[in-house]
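# Return atomic coordinates for the entry below.
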Amino acid sequence: MSLIDWLVLVGTLSFIILYGIYKSRGKQNIEDYLIAGQSLPWYHVCLSVMATQASAITFLSAPGQGFSDGMRFVQFYFGLPLAMVVLSITFIPIFHRLKVFTAYEYLENRFDGRVRMFTVSLFLLSRGLSTGLSIYAPSIILATILGWDITWTNILMGAVVLIYTVTGGTKAISYTHVQQMLIVTIAMFIAGYMVVHLLPADVGFVDALKVAGKAGRINLIELEFDPNSRYNIWSGLIGGFFLQLSYFGTDQSQVGRYLTGQSVGQSRLGLVMNGLLKIPMQFLILLVGVLVFVYYQYNASPIFFNTVETQKLQSSQYAGDYQKLESEYNVLSAQKKQTVLSLKSALDRADETAIATQQQALLANETKAKEIRSATADLIKKNNPTADTSDVNYVFLRFVLDHLPVGLIGLLIAVIFSASMGSIAAAYSSLASTSIIDIYKRTIKPDAPESHYLTASRVATVLWGLFCIFIAQYASKLGSMIEAVNILGSLFYGVILGVFLVAFYFKTVQAQATFWGAILAEIGVIACWWFDLTAFLWLNVIGCLLVIGFAWILQQFSRPQTA
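Numbering: from 1, shown residues only. Coordinates of the predicted model:
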């Protein structure tokens, strides 16, 4: 990067961090530190909720997902608006009325300490692991740009976020979230414009969409019901609804965001607006990836977007094999350009026969390109068994570094960093608040002064930060990060949601039945995932229904017999 890009990057991030610390200055108590004194308006709630969900994984991996698989990932969010309505009607009033710091305090009032602690354990495990992925995502950037060791890069990324999280608490997080989302939105619109601007002069935005459609990338809705398909309208509406309901209703990283609302109405409005804005935002991010795909139909693309690994190949014993693959790929790139030019001409003439012919050629070229890239990935793995061969995570980053103008590169990398900082900070805060309120205060030191819990919360934040940084060292093994983080959540969120739904709606089911029902359900979910019985989104439905079913059945057997 140029000096200007570095100045833009450092300046943007410094402004966000210092602004958050400045707005959260002053004396704090435990309520201020964990839930911002329930003082924030709806737009803070909305943007903070969005920023917590939109990590660097979103802005690194999602465009790559659009590049490689098209728009169908957007169906993942179709259940979100309905989930926001359900949460606004049920969860929010209960949490506000009980004046809880965490969602799990309610469970002990409804059931007992065992159910609360089991649910807390599932949350801490899932959130701690997924936060490691959120740290690793932006670390790719520094490691790729500067050639830094990934271990030290993860440490740097995780430690920077700790500064304002420990200092300012939830209020600092919320104020930084507002700045982050404004910068993110502006930058992604600019990125989309720049991709279209870099296309040939006679190819406009509509032309690019037509080409993408013929290449199978504008696959917004898939109506076929297939439980083994990861993304279709049914998995999004049903499986996505259960995942989003659990994530926003029972994951403390999100619950902690809307507990900061001034009132039930402000929290509700913030969540509903999040449900309305999230799908368009995700649509835009995926569309940028699709436009990058179109750009590389007219221009030669790297055979492998993680150029650090290809540079290692060039000086290895496999250099000859790599050169053959690269030569083959370069020839194919020229064919792809000629094919897309012919397709564009056929589309302009509305010649359906020629369009069909060129479309088949375009799809055949893409299939061949995937085969060559797969062979390259195999070669990279032979040369470096620890290499990250999930190229989807590098597509957008490589495009930004290679083709965008000076200044904009720094801004877009700042976007990825700031998004990561937002989600990581919220995760640190939620892990700390859950550890202190649900474990430390409940079982270890129940009668300490408030100042003690404030200090303990800061210490817990640091300890969880260290744990998440440790997990980040192994994130490269998990492939597409945006899929990995949602698969990870799906292993636990359905069961957690099931526990809460039993608590809310099945008043005759008691603690023991719920506790053992949740354990059996978690075993069932892990078995379904281990044996690959269904696509991951359905694990949320399965986990939730298993908890309800097992708990209800066990409750029937536990009822005393009458003469």
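
# in which helix or strand would I find residue 87?
Following DSSP states H and E, one finds residue 87 within helix 80-89.

# Identify the residues contacting that helix?
237, 240-241, 244-245, 248-249, 267-268, 271-272, 274-276, 278-279 (Cβ atoms under 8 Å, 6 or more residues apart in numbering). Quick note: C-beta positions are derived from backbone N, CA and C, even for glycine.

# buried set for that helix?
Across helix 80-89, burial judged by 16 or more other Cβ atoms under 10 Å covers 80-81, 83-84, 87-88.

# and the two most separated of the residues you listed?
Across the buried residues of helix 80-89, the two members that end up farthest from each other (Cβ to Cβ) are 80 and 88, 12.6 Å apart.

# which of the contacts of helix 80-89 sit farthest apart?
The span of the contacts of helix 80-89, defined through Cβ to Cβ, is set by 237 and 267 at 24.5 Å.

# Residue 65 contacts residue 71, doesn't it?
No. Judged on Cβ atoms under 8 Å, residue 65 makes no contact with residue 71 at a distance of 9.3 Å.

# Between the two, which is the more surrounded one?
Higher neighbour count among residue 65 and residue 71: residue 65, with 29 against 23, using other Cβ atoms under 10 Å.

# Return a ChimeraX selection command for the buried portion of the contacts of helix 80-89.
A single ChimeraX command selects the buried members of the contacts of helix 80-89 (16+ other Cβ under 10 Å):
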select :240,241,244,245,248,249,267,268,271,272,274,275,278,279
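
# Residue 536 contacts residue 490, doesn't it?
Yes. The criterion here is Cβ under 8 Å, and residue 536 meets it with residue 490 at 4.7 Å.

# confidence score at residue 477?
Residue 477 is assigned a predicted lDDT (pLDDT) of 59.

# returning to that earlier point: how far off centre is the helix holding residue 87?
Computed by Cα atoms, centre = their mean, to the nearest Å, the chain-centroid distance of helix 80-89 equals 19 Å.

# Then stretch 209-223?
Using Cα atoms, centre = their mean, the offset of stretch 209-223 from its chain centre is 23 Å.

# what does stretch 49-67 give?
How far stretch 49-67 lies from its chain's middle: 6 Å, per Cα atoms, centre = their mean.

# Kindly report the same for stretch 123-133.
Taking mean C-alpha positions (Cα atoms, centre = their mean), stretch 123-133 and its chain are 12 Å apart.

# buried residues in it?
Neighbour-count burial for stretch 123-133 flags 123-124, 126-133 (criterion: 16+ other Cβ under 10 Å).

# pLDDT check: weakest of these?
Where pLDDT dips furthest among those: residue 133, at 81.

# Verify the stated contact: residue 418 with residue 184.
Yes. Applying Cβ under 8 Å, one finds residue 418 in contact with residue 184, separated by 6.9 Å.

# okay, and the common contacts of residue 65 and residue 71?
Joint contacts of residue 65 and residue 71 (Cβ under 8 Å, 6+ apart) are residue 286.

# got any ranges where the stretch 301-450 of the chain has weak pLDDT?
For the stretch 301-450 of the chain, no stretch has pLDDT under 70.

# re the thing from before, out of residue 536 and residue 490, which sits in the more crowded spot?
Between residue 536 and residue 490, residue 490 has the larger neighbour count (other Cβ under 10 Å), namely 27 against 21.

# quick one: that one and residue 244, what's the gap?
Remark: distance between residue 490 and residue 244 (Cβ to Cβ, to the nearest Å) = 11 Å.

# Going by neighbour count, list what's buried in the host helix or strand of residue 553.
In the assignment (DSSP H and E), residue 553 maps to helix 537-558. Within helix 537-558, the residues scored as buried using 16+ other Cβ under 10 Å are 537-548, 550-552, 554-555.

# the bottom helix or strand of this structure by mean pLDDT?
Ranking every helix and strand in the chain by mean pLDDT, DSSP states H and E puts helix 30-35 at the bottom, with a mean of 61.

# For stretch 541-558, which outside residues touch it?
238-239, 242, 246, 490, 492-495, 497-499, 501-502, 506, 508-510, 512-514, 516-518, 520-522, 524-525, 528, 534.

# Can you dump the C-alpha atoms of it in PDB for me?
Output in PDB follows, covering the C-alpha atoms of stretch 541-558 (Å, rounded to 0.1, in the frame of the first residue of the first chain):
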ATOM      1  CA  VAL A 541     -34.600 -26.200  13.600                       C
ATOM      2  CA  ILE A 542     -33.600 -29.800  14.700                       C
ATOM      3  CA  GLY A 543     -31.900 -28.600  17.900                       C
ATOM      4  CA  CYS A 544     -34.800 -26.400  18.900                       C
ATOM      5  CA  LEU A 545     -37.500 -29.000  18.200                       C
ATOM      6  CA  LEU A 546     -35.500 -31.700  19.900                       C
ATOM      7  CA  VAL A 547     -35.200 -29.700  23.100                       C
ATOM      8  CA  ILE A 548     -38.900 -29.000  23.200                       C
ATOM      9  CA  GLY A 549     -39.800 -32.700  22.300                       C
ATOM     10  CA  PHE A 550     -37.400 -34.300  24.700                       C
ATOM     11  CA  ALA A 551     -38.200 -31.900  27.600                       C
ATOM     12  CA  TRP A 552     -42.000 -32.400  27.100                       C
ATOM     13  CA  ILE A 553     -41.700 -36.200  27.000                       C
ATOM     14  CA  LEU A 554     -39.400 -36.400  30.000                       C
ATOM     15  CA  GLN A 555     -41.800 -34.100  31.900                       C
ATOM     16  CA  GLN A 556     -44.600 -36.600  31.300                       C
ATOM     17  CA  PHE A 557     -42.600 -39.400  32.800                       C
ATOM     18  CA  SER A 558     -41.600 -37.400  35.800                       C
END
